[in-house]
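In: Let me see the structure of the following:
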Amino acid sequence: MRIATWNVNSITSRLERLLAWLESSGTDVLCLQELKCTAEAFPAEPLRELGYEAAVNASGRWNGVAVLSRVGLEDPVIGLPGGPDYEGVTEPRAAGATCGGVRVWSVYVPNGREVGHPHFEYKLRWFAALRELAVRETAGEAGGRPFAVLGDYNVAPADEDVHDPAVFEGSTHVTPAEREALAALRAAGLADVVPRPLKYDRPYTYWDYRQLGFPKNKGMRIDLVYGNPAFESAVKDAYVDREERKGKGASDHAPVVVDLEV
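Out: So this is what the prediction gives:
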């Protein structure tokens, strides 16, 4: 089974590329982030024509996630159970489903904006709710099935996951509090499935559109796959498809692809 995660940064703008990539990559399950559309505007029909069902959490021009599957889609959950709101709004940042016997969640963790901002505190609360979800999903009889949380975590796990740590000093995405939130997920029984980079020495997944970020490889690894032992033991390969970051109309994120033997 081939599972991937991709922040497409507007599914409307990227639809043609998305459909072509699904056909060429042979992906069975895809977790999408930053749909930037309403549920009604989600392109379910062209995806259905390729054989994909979808669990969609979307409400407008910001955020939005989905799980696409051509190997079955059961027990969908829309929204992060117990998740916080921001300024009275529950943002569309999580969706889960069981696909071909693998339980997956697509997540778009809040950005945090800047340290000390209310959105940063919201980010940490959101991570706490995500940890509770991971604990529940890995408990009891269901805990033995492969389970993973895939998506844009908006955190670089370590200094080597950013092109220049000095550039990000004092900024979000690299703070001890955010990295402690990732450590809490690992303590809940999840492991970081680190992909191969295919080019250069670090598997960055995001490059800013500005200042020639991609050609100069000024990237970050913030699109992550955290899986339980059953998922991790089934992994046969994982890589960043940086080819999809190239060319006109690309997202600023590349897909992270994981091959499982299940």
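In: How far off centre is stretch 33-45?
Out: From the chain centre to the centre of stretch 33-45 is a distance of 16 Å (CA atoms, centre = their mean, to the nearest Å).
In: before we move on, what about stretch 201-218?
Out: With CA atoms, centre = their mean as the basis, stretch 201-218 stands 18 Å off its chain's centre.
In: Quick one: end-to-end distance for it.
Out: When the termini of stretch 201-218 are compared using CA to CA, to the nearest Å, they are 12 Å apart.
In: element containing Thr12?
Out: Here Thr12 sits within helix 11-25, counting by DSSP states H and E.
In: List the buried residues for that helix?
Out: Under the neighbour-count criterion of 16 or more other CB atoms under 10 Å, helix 11-25 has 11, 14, 17-19, 21-22 buried. From N, CA and C alone the C-beta is placed, and that goes for glycine too.
In: Can you name the element that comes right after it?
Out: Along the chain past helix 11-25, the next helix or strand (assigned with DSSP H and E) turns out to be strand 29-33.
In: buried ones in the helix or strand that that next one is followed by?
Out: For strand 29-33, the following helix or strand on the C-terminal side (DSSP H and E) is helix 44-49. Neighbour-count burial for helix 44-49, with 16+ other CB under 10 Å as criterion, is recorded at 44, 47.
In: Can you give the contact residues for helix 44-49?
Out: Contacts with helix 44-49, where a contact means CB atoms under 8 Å, 6 or more residues apart in numbering, come from 15, 19, 22, 54, 56, 68.
In: Could you do stretch 164-180 as well?
Out: For stretch 164-180, the external contacting residues (CB under 8 Å, 6+ apart) are 111-115, 120, 123-124, 127, 154-159, 162, 218, 220, 222.
In: what separates it from the chain centre, distance-wise?
Out: For stretch 164-180, the distance to the chain centre is 19 Å (CA atoms, centre = their mean).
In: got it, and stretch 192-205?
Out: Its chain's C-alpha centre and that of stretch 192-205 lie 15 Å apart, by CA atoms, centre = their mean.
In: buried ones in that stretch?
Out: Residues of stretch 192-205 classed as buried: 192-195, 197, 202-205 (neighbour count, 16+ other CB under 10 Å).
In: Could you export the residues you listed as CSV, including pLDDT and distance to Gln211?
Out: Below are the buried residues of stretch 192-205 laid out as CSV (pLDDT from 0 to 100; distance: CB to CB, whole Å):
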residue, pLDDT, distance to Gln211
Asp192, 98, 28
Val193, 98, 30
Val194, 98, 26
Pro195, 98, 25
Pro197, 96, 21
Arg202, 96, 18
Pro203, 98, 21
Tyr204, 98, 15
Thr205, 98, 18
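In: Closest to Ala41 out of the residues you listed?
Out: Nearest to Ala41, judged by CB to CB, of the buried residues of stretch 192-205 is Thr205 at 26.1 Å.
In: nearest residue to that closest one other than its sequence neighbours?
Out: Take Thr205 and drop its neighbours on the chain: the residue closest to it by CB to CB, 6 or more residues apart in numbering is Asp223, 3.8 Å away.
In: Run through the bridge partners of the nearest residue to Glu74 once chain neighbours are set aside.
Out: In space, and not counting its chain neighbours, Glu74 is closest to Thr98: 4.5 Å by CB to CB, 6+ apart. In this entry, Thr98 is beta-bridged to Glu74, Arg103, by DSSP bridges.
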